[in-house]
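J.: next input, structure requested:
(one chain, ligands or ions: 1)
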Amino acid sequence: MKKINIAVDGVSSSGKSTMAKDLAKIIGYIYIDSGAMYRAVTLYALRNGIINKDKTIDEDKLREHLPNIDIQFKLNPLTGRPDTYLNGENVEREIRGMEVSQLVSPVSAIGFLRKEMVEQQQKMSLDKGVVMDGRDIGTVVFPTAELKLFISASPEIRAKRRMDELRMKGDQETTYEEVLQNIKYRDDHDQNRKESPLRKADDAIVLDNSTVNIEQQLDWALDMYHKTINKTL
Ligand code: C5P
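T.: Numbering: from 1, shown residues only. Modelled structure (predicted):
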């Protein structure tokens, strides 16, 4: 069976990762969460004094440390999904917390870091058969991907979904307001940065999933995949 690469882009907490993971599992593709890579670098930066007290980033220090940052994905047999490893340590839980979420947008706006991450992402996908989600996958990482999906939803709906997820993971402290503000802040930062801003590729297919549930959006993605495969046969 012919393999393609699938780019899934969209705003924060739009459910694109859930869709991309489930799609990859069903069609037997490798799933790569590019946001997890920027999150892992942010965690590394926090732990290694690369973030200054005023929350600015010491870019020279980050550049020096970059060769020491190794990010891998390994399948978690319990969840059936890949966990993120930073220098051999499973950091899946820590990279999803508010501390990393609040700093990941400025970290991911750094040009030399993006260049390195994009190179790694492209290497991981040379053999095709990859579903990758992020902000610049259809525009920069896989500009020639056979299938590009772009997912959006209103900030309020995304904040509610993220809250449900945090509560389920046992976080009782974070408030709806904090989550909503973080989502709006990241939207603004991701769309207006100089380096690879979040934007829909011209040939991406859009889904606003504000009123669509997880099963329906997965059916939609599967349908897009089958149509694309049939066209490329
Ligand atoms: O997808 P997720 O929300 O986990 O990504 C975290 C952050 O990483 C985003 O807010 C964005 O700033 C950055 N990111 C990026 N490019 C990607 C994926 C994520 O800049 N390809």
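J.: only the buried residues of stretch 190-202, if you could.
T.: 190, 193, 196, 198, 200-201 (16 or more other Cβ atoms under 10 Å). Every C-beta, even on glycine, is put in place using the N, C-alpha and C of the backbone.
J.: against which helices or strands is the lengthiest helix in the chain packed?
T.: If you go by DSSP state H, the chain has its longest helix at helix 214-232. In terms of contacts (3 or more Cβ pairs under 8 Å, 6 or more residues apart in numbering; DSSP states H and E), helix 214-232 is packed against helix 16-27, strand 147-152, strand 205-208.
J.: tell me, how many residues neighbour E178?
T.: By other Cβ atoms under 10 Å, the residues close to E178 number 16.
J.: please shift the residue numbers so they start at 439 in all later answers.
T.: All right, first residue 439 from here; so that's E616.
J.: from memory it sits against E537, does it?
T.: No: with contacts counted by Cβ atoms under 8 Å, E616 stays clear of E537, the gap being 11.9 Å.
J.: for P520, find the nearest of the helices and strands packed on helix 652-670.
T.: P520 sits nearest to helix 454-465 of all the helices and strands packed on helix 652-670, at 8.1 Å, using Cβ to Cβ.
J.: so how far is that closest one from its chain's centroid?
T.: Helix 454-465 sits 12 Å away from the centroid of its parent chain (Cα atoms, centre = their mean, to the nearest Å).
J.: ok, then the element right after that helix?
T.: strand 468-471 (DSSP states H and E).
J.: who does that next one pair up with?
T.: When pairs are called by DSSP bridges, strand 468-471 turns out to pair with strand 568-572 (parallel).
J.: ok now the partner strand, how far from the chain's centre?
T.: 8 Å.
J.: stretch 452-464 now?
T.: 11 Å.
J.: so E532 is in contact with L481, correct?
T.: Yes: under the criterion of Cβ under 8 Å, E532 makes contact with L481 at 5.9 Å.
J.: those two: who's more crowded?
T.: Comparing E532 with L481 by other Cβ under 10 Å, the one with more neighbours is L481, at 23 against 17.
J.: SS state for the more buried one?
T.: helix (DSSP: H, G, I helix; E, B strand; the rest coil).
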